[in-house]
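*Asks:* sequence and predicted structure below; questions after.
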Amino acid sequence: DVKVTQSSRYLVKRTGEKVFLECVQDMDHENMFWYRQDPGLGLRLIYFSYDVKMKEKGDIPEGYSVSREKKERFSLILESASTNQTSMYLCASSLQAARLRFEQFFGPGTRLTVL
Amino acid sequence: AQSVTQLGSHVSVSEGALVLLRCNYSSSVPPYLFWYVQYPNQGLQLLLKYTSAATLVKGINGFEAEFKKSETSFHLTKPSAHMSDAAEYFCAVSRGPYGGATNKLIFGTGTLLAVQP
């Protein structure tokens, strides 16, 4: 089974702190994604990576950056956390293969609170 | 541009009753469609997917969905609800065609299903 793990289930940070959210997948997937989930808004794509060191902005990249130095690991960075970044963050991965690339596998999520 | 609309942010059914969760999509290309489920404090899990083969798709836990191109719908159904079905359900559409370059999905805003005893 595909396993996507996220470094923390719950995180509390202060405004202005630099925050790192880590995601690791163990199935050699090329694609990795970071979403944030807010009530009534569903999942919104923050960043996407299709290969090591390659990234694309999603729908809401402002205030975030990402790093993918190894194929299995995709990090989301909040350069200076703000209260409006309090949210649930979900990581996902998928294969590049044509018929499977839309089938995303999700981690358990990190619930981040910024005070 | 692709989009997906889930009608009803909250749906409540009695145990044993039919479950019907609605999803309508908009797509300029033949879409791939997905239903995911999220149990409390967990990530999303794939329920079922439509990838241009059979229009009636069966998934896990007794759920199924029918792709209706004329109605641009992909509603999720289950004949008999169980208490364990209480969760949030998300419909998603692919952002591009099967042969295209994109790998992204667009998610609906979710429907929270409550099952009453």
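*Replies:* Right, received. Where do you want to start?

*Asks:* can we go C-alpha only for contacts and neighbour counts from here?
*Replies:* Noted.

*Asks:* pairing partners for the residue nearest the centre of chain B in the sheet, please.
*Replies:* Most central residue of chain B, judged by C-alpha distance to the mean C-alpha position with Cα atoms, centre = their mean, is B:W35 at 3.1 Å. Following DSSP bridges, B:W35 is listed with bridge partners B:L48, B:C91.

*Asks:* model confidence for it, exactly?
*Replies:* pLDDT, B:W35: 96.

*Asks:* which residues does it contact?
*Replies:* Listed by Cα atoms under 8 Å, 6 or more residues apart in numbering or on different chains, the contact set of B:W35 reads B:46-49, B:76, B:89-92.

*Asks:* ok, now A:I77?
*Replies:* Contact partners of A:I77, counting by Cα under 8 Å, 6+ apart, are A:18-21, A:64-67.

*Asks:* can you pick the most crowded of these?
*Replies:* The most crowded member of the contacts of A:I77 is A:V66, carrying 25 neighbours; neighbours defined as other Cα atoms under 10 Å in any protein chain shown.

*Asks:* name the element that residue belongs to?
*Replies:* strand A:64-70 (DSSP states H and E).

*Asks:* for the record, mean pLDDT for that strand?
*Replies:* On average, the pLDDT along strand A:64-70 is 96.

*Asks:* contacts for that strand next, please.
*Replies:* A:46-47, A:49, A:51-55, A:74-79.

*Asks:* 10 Å instead, please
*Replies:* Taking Cα atoms under 10 Å, 6 or more residues apart in numbering or on different chains as the criterion, the residues outside strand A:64-70 that touch it are A:19-24, A:32-34, A:46-57, A:73-81, A:85.

*Asks:* drop anything exposed from the residues you listed.
*Replies:* Of all these considered here, the ones buried according to neighbour count by 16 or more other Cα atoms under 10 Å in any protein chain shown are A:19, A:21-24, A:32-34, A:46-52, A:55, A:73-78, A:81, A:85.

*Asks:* this completes my enquiry, with thanks.
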